[in-house]
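Student: What follows is a predicted protein model with its sequence.
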Amino acid sequence: GIESCAVVYSPYSSNPEVWPSIPEVKSIVEKFEVMPEIDQEKKMVDHEGFLRQTITKTLDINMRKMKENKELMMKEAMFVLLNGKG
């Protein structure tokens with residue numbers, strides 16, 4: 001699986017909120033920091049980048065489903081025509 005963590009700073013609190021827990025966040029950050037910089041950059045994503053990746057994946061899935069639906073509709077039409085019901 002993918003290890004991830006979050007550190008959220010709030011203007012209403014002097015202490016950040018961390019997820020999943022402080023020891024786990026420290027462990028994940030330490031593993032990240034010992035990686036070569038080029039590998040670190042590959043694994044980093046900001047909110048905008050995450051949204052772009054999600055949109056791209058969703059569009060790809062949508063295009064595949066549209067193609068599948070078109071093929072199924074064509075097969076159904078051919079089946080109806082070949083059975084003399086059209």
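Tutor: That came through, no problem.

Student: domain assignment for this structure?
Tutor: Domain assignment for the chain by automatic domain parsing gives 1-35, 45-86.

Student: Would you format those domains as JSON lines with mean neighbour count and mean pLDDT included?
Tutor: C-beta here means a position set from N, CA and C on the backbone, and glycine is covered the same way. Formatted as JSON lines, those follow (neighbours: other C-beta atoms under 10 Å; pLDDT from 0 to 100):
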{"stretch": "domain 1-35", "mean neighbour count": "10", "mean pLDDT": "93"}
{"stretch": "domain 45-86", "mean neighbour count": "10", "mean pLDDT": "94"}
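
Student: so how many other residues sit close to the closest residue to M35 other than its chain neighbours?
Tutor: Counting by C-beta to C-beta, 6 or more residues apart in numbering, M35 lies nearest to K43, which is 7.5 Å off, once chain neighbours are set aside. Using other C-beta atoms under 10 Å, K43 is surrounded by 11 other residues.

Student: Quick check: K43 vs M73, distance?
Tutor: According to C-beta to C-beta, to the nearest Å, K43 stands 42 Å off from M73.

Student: same question, V8
Tutor: Taking C-beta to C-beta, one finds V8 at 47 Å from M73.
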